[in-house]
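> Have a look; sequence and predicted model below, questions after that.
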Amino acid sequence: MNRLYLRIWLAFLGILVVFGVLVSALWWLTADERPGPRVMEGIRTVVERSLPPATVPVRELQRVLDDVGGRLEVDITVHGADGALLAHAGPPAPPPRRLSPDGPRIERGFARGPFVVMRLDDGRVVTVRPRRAPRFVGLLMALGVLLATTAAGAYFIVRRITGRLERLRARVDALGSGDLTARVDVEGRDEIAQLASSFNRAAGRIEQLLGAQKTLLAHVSHELRTPLTRMRMGLELLGEGAPPELVGRMRREIGELDSLVGELLLASRLDAGVSAEPPEAVDLLGLAAEVAAEYGLEISGESVTIVGEPKALRRLVRNLLENARRHGAGQPFELSVNVDPDGGGRLVVADRGPGVPEHERERIFEPFHRVRAAGDGTEGTGLGLALVRQIAQRHRGEVHCLPREGGGSEFHVTIRSLEPG
């Protein structure tokens, strides 16, 4: 039972049930529904005067019993002095066992309701039992009505409270999924309304902070790329007099810095859930083949079509291949595309490098985390594999680093179609 409103509602009902049981038990132990002595004596007198003599036929006795029992709303049973059943109005009572000629003329009792046993002057024994339901039945009926009405009212109140919580939870999920405009309606002035107001303030602050971050990154990228462009132009103006090694090193440094700026911008957009392009149908095999051609690499596999963001997917494939080139120890690497059994496509990039230690296979997908194997002097931005994971997760997939049989590493990436909207 994972619904809060049901748990609260059932708690209300449980309390009412316990209350009803305790009240009924207390009433049963303390109540006395037996008629008082004067009432019983009155009943005995009325019945004795109404009954015909013992010498009348049984038919006449039965007629009188039916008439008196109907008027007084009681069940009457008449036994002879020898205990034989003579007549009865209503269910017959068992033969009397407690009255004797020398015993008391009247007895009270309570078995299946109150009853009175009387010994008449002529020796006959009369048992009278009221036909009305005992008072505890009415009490139980009243408790049942109380339970039903309280259950209905409590359900309405509890459902209204938890319904507001469910709407608040839905907006929290929307905010966590990247909808920065998610807000919740503030209903009432209680604690839940205060919680909704706090959520709206927090969501607004998060939206402002992320907006400021995006604006800052946009300005920083512009300010960084402007001097980068100037540096490239300066290299071109140096002409043939500049040392070739210096020019080559500067160009590589400028290229890496430009790539870092681009990856920072892409990472910030992915973190904010902002799409730089509209999704469209993408053939993963064809897209991967285009990127692999830049590395002079042939791929294998089968055609898989998904709905995704082409530029982001190209970045994913390029980063995987660049990682294999950097850390593959100069050995050939492989790329394949196949249909994933769970839907979508699966990309596998395999290299023959030194491999990744087991304790580092998850950490390499963290931003700016680098693993340098023995003898590996290559450098990178530290964002390539982190972007691979972000792009895969944006396409409802995941990426894992596995050891390759015979040495090296394999990167398995699942890619699925983006959900509508």
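Yes, it's here. Numbers count the residues shown, from 1 in each chain.
> For the stretch 101-250 of the chain, just list every one of the helices.
Under the criterion DSSP state H, counting those that start in this stretch, the stretch 101-250 of the chain contains helices at 135-176, 191-238, 244-272.
> is it possible to export those helices to JSON lines including mean neighbour count and distance to Arg363?
In this view, the C-beta of every residue, glycine as well, is placed from N, C-alpha and C. Converted to JSON lines, the helices of the stretch 101-250 of the chain look like this (neighbours: other Cβ atoms under 10 Å; distance: least, Cβ to Cβ, whole Å):
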{"stretch": "helix 135-176", "mean neighbour count": "14", "distance to Arg363": "24"}
{"stretch": "helix 191-238", "mean neighbour count": "13", "distance to Arg363": "25"}
{"stretch": "helix 244-272", "mean neighbour count": "15", "distance to Arg363": "17"}
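> Show me how the protein divides into domains.
What automatic domain parsing lists as the domains of the chain is 4-30+136-175, 37-133, 194-271, 277-415.
> Now do the end-to-end distance for the longest one.
Right, domain 277-415. 17 Å (Cα to Cα, to the nearest Å).
> i'd like the first residue to be 318 from this point on
Okay, using 318 as the starting number, the last item reads as domain 594-732.
> What mean pLDDT does it get?
Domain 594-732 carries an average pLDDT of 86.
> and if you look at the second one?
Looking at domain 354-450 alone, the average pLDDT works out to 76.
> Could you do the third one as well?
Domain 511-588 shows a mean pLDDT of 74.
> what residues are up against Phe650?
Neighbouring residues of Phe650 by Cβ atoms under 8 Å, 6 or more residues apart in numbering: 614, 638, 641-642, 666-669.
> got it, and Arg569?
Contact analysis of Arg569 by Cβ under 8 Å, 6+ apart lists nothing.
> returning to what we had before: turn the helices of the stretch 418-567 of the chain into a markdown table, including distance to Leu389.
Below are those laid out as a markdown table (distance: least, Cβ to Cβ, whole Å):
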| stretch | distance to Leu389 |
| --- | --- |
| helix 452-493 | 18 |
| helix 508-555 | 60 |
| helix 561-589 | 87 |
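> one step back: which ones among the contacts of Phe650 lie within helices?
If you go by DSSP state H, those have 638, 641-642 in helices.
> tell me the phi and psi of the residue sitting furthest away from the middle of the chain?
Relative to the C-alpha centroid of the chain, counting by Cα atoms, centre = their mean, Thr372 is the outermost residue, at 80.9 Å. Backbone geometry at Thr372, expressed as degrees, to the nearest 10, gives phi -90, psi -10.
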